[in-house]
Structures are given as structure tokens and as C-alpha cells.
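*Asks:* test case, fold it:
(4 chains)
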Number of protein chains: 2
Amino acid sequence: MKQRKLYNRINLLRQERKLSRKELAEKIGVNFQTVGYLEREEYNPSLDLAFRISGCFGLPIELIFSTKPQPPLSEELMRWRNKEE
Amino acid sequence: MKQRKLYNRINLLRQERKLSRKELAEKIGVNFQTVGYLEREEYNPSLDLAFRISGCFGLPIELIFSTKPQPPLSEELMRWRNKEE
DNA sequence: AGAAAATGATGTATATATACAATATGAAAC
DNA sequence: GTTTCATATTGTATATATACATCATTTTCT
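*Replies:* Model (predicted):
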């Protein structure tokens, strides 16, 4: 199967939490260079690794990864605020 | 990284929808034997494939896959019904 | 400015996911 | 009962993810 390129917000979320790649890598149990590959979207994580990242950030997989380029989180937030007016 | 074994409800969901492995495989764009491997949990899907399966069933990834063995869907349903009494 | 830390880039090696073919078995249809 | 379809099993081949080392570049800290 030809894998589609996936998009993610790992870099954004990591910076929000003021973690270095090395620190994040340790939390999720991978080599720190692997985090670099993921942030640059050079390849996709395994589903298992996606679950670990999801758990580390306390966010659902769908909020971190997607099949379409990710809009800024601020936009996503506004969409929710407008939904319940 | 040593991959953890993941659990899934593919077989259940496929049967609910009365699909053969071949039919499901065509919808998500993989070999029908790959569906067998996933249902038997002999290996984990890639994140991309997990997204395709999620899209095909119209369910979030977390409802289909998990890091712990999956309880019957009926139990999960009752937990939700009790939550909002 | 200079040292230290974080990141980017390149290359090699291993583990894991996916495809595909062949065969066996079991269940369903006729 | 035998043909057909769905599934299981085994084997080989390829694609993709992950680890690890090294060096270059950039950023941060003092």
C-alpha cells in the first residue's frame, strides 16, 4: 500500500509545553532524532507511537494527526466557539 | 522502539456491516490478506491505514483501536448510558 | 565572543508492515 | 456431494519506520 503523507502538530504541542526533542523523545520512548523526522513529516509514526504521543499530550490522535494539512490551532478553537453561539 | 501489541474491533465492525474481508480490503485499499493479519492482531496497522479504517467505519481511531484489550461494545455503551443519568 | 544545547542532514542497519502466491480447511450454496 | 466462497497458514519480497552515528548549522546562555 502506498502510504499517504500525514500532517501533525507535534512541533507546536512540544513548544507549548516547552520540551526539547530529547525530553519529548524520552517521555514517549523513542530516539530523539525520530521526533525530528516526525516533526518534519518525513515519515509517519506507527499507530503505537501515535498512541504514545497522544497519551503524552493528553489529546486524541485526531487532534494531533490528520490526513489534510493542519490549520492553526487558534482557527480550530474559533470554529468551536462559533459553533455553540 | 519495541512496538506494543494493539487491540482492535475490526472484525466486529466488519461483521456488523456484513462485509467480507475482501470487500473491506477494497474499500480501504489494501490486500484482503492484510485485513486478516489486522483482525488476528498479528501486527498493527500504520497510522495511515488506521485513518482509512476509521474513515471507512465513520468512527474515531480510539474507538476502533486501543492499547488495552477491548471490552465488548455493549459494555462500553452501558457505561455511557449510566454516565448521564 | 565563546561554550553548550538544539536542530538539520546524511548514511547505514534493523524491525515492522504490506503485498502476493500457494495451499489447506471449513462453511455455504447449489 | 461437489463447487464456491471465506478464512487460516506459510513463505518470500518490498516498503516504511526506527535506531544510531557523525557532521554541519543554528540558537541559547553566560
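*Asks:* close to chain B: what parts of chain A are there?
*Replies:* Chain A has residues A:1, A:3-4, A:6, A:29-31, A:34, A:44-51, A:60-62, A:65, A:67 near chain B, with proximity defined as C-beta under 8 Å from any C-beta of the partner chain. To be clear about C-beta, it is placed using only N, CA and C from the backbone, and glycine gets the same treatment.
*Asks:* filter those residues down to the ones in helices?
*Replies:* Using DSSP state H, A:34, A:47, A:48, A:49, A:50, A:51, A:61, A:62 are the members of those that sit in helices.
*Asks:* check contacts around the residue nearest to the last one when sequence neighbours are not counted.
*Replies:* Right, residue A:62. Residue nearest to residue A:62 in three dimensions, not counting chain neighbours: residue B:60, with 6.1 Å by C-beta to C-beta, 6 or more residues apart in numbering or on different chains. Counting by C-beta atoms under 8 Å, 6 or more residues apart in numbering or on different chains, residue B:60 touches A:60, A:61, A:62, B:54.
*Asks:* quick one: buried ones out of the ones in helices among the residues of chain A next to chain B?
*Replies:* A:34, A:47, A:48, A:49, A:50, A:51, A:61 (16 or more other C-beta atoms under 10 Å in any protein chain shown).
*Asks:* check what pLDDT the first one gets.
*Replies:* Put plainly, it is residue A:34. Confidence at residue A:34, expressed as pLDDT, is 98.
*Asks:* what about the residue nearest to it when sequence neighbours are not counted, how many neighbours?
*Replies:* Distances taken as C-beta to C-beta, 6+ apart put residue A:25 closest to residue A:34, at 6.7 Å, once the chain neighbours are dropped. Around residue A:25 there are 19 other residues, counting by other C-beta atoms under 10 Å in any protein chain shown.
*Asks:* tally up the residues packed near residue A:63, please.
*Replies:* 15.
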